[in-house]
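J.: I'll drop the sequence and a predicted model, then ask my questions.
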Amino acid sequence: MAGTDGPLQDALTHYYGALVEWLGRIAAASRLMSLFALTAEEDRVTAARTVLTHRAR
């Protein structure tokens, strides 16, 4: 996934938004970040950016 920040960011934004609605912010953040625990640093940064910049609807 490294090097594809735009499409990855878009996908994570939609996925994280659904997780927030279903689980709440704290559990959603934990769930999303756990998916990226063993990925490249660039992808972990993208996931963290998604969590930190997500705006509730």
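T.: Looks like it came in fine. Since the structure is predicted, the reported quantities are computational estimates derived from the model, not experimental observations.

J.: what helix or strand is the closest residue to Phe36 other than its chain neighbours on?
T.: Among residues not flanking Phe36 along the chain, Ala47 sits closest, at 4.3 Å (Cβ to Cβ, 6 or more residues apart in numbering). For the C-beta atoms, the positions are set from N, CA and C on the backbone; glycine is no exception. Following DSSP states H and E, the helix or strand that holds Ala47 is helix 41-53.

J.: what helices or strands is that helix leaning on?
T.: Judged by 3 or more Cβ pairs under 8 Å, 6 or more residues apart in numbering; DSSP states H and E, helix 41-53 is in contact with helix 5-23, helix 25-35.

J.: Helix 5-23 and that helix, what's the angle between them?
T.: With axes from the mean of the first three to the mean of the last three Cα atoms, to 10 degrees as the basis, helix 41-53 and helix 5-23 are set at 50 degrees to each other.

J.: Let me know the angle separating helix 41-53 from helix 25-35.
T.: Calculated by the same axes, to 10 degrees, helix 41-53 forms an angle of 170 degrees with helix 25-35.

J.: Give the buried residues for helix 41-53.
T.: In terms of neighbour count (16 or more other Cβ atoms under 10 Å), helix 41-53 has its buried residues at Asp43, Thr46, Ala47, Thr50, Val51.
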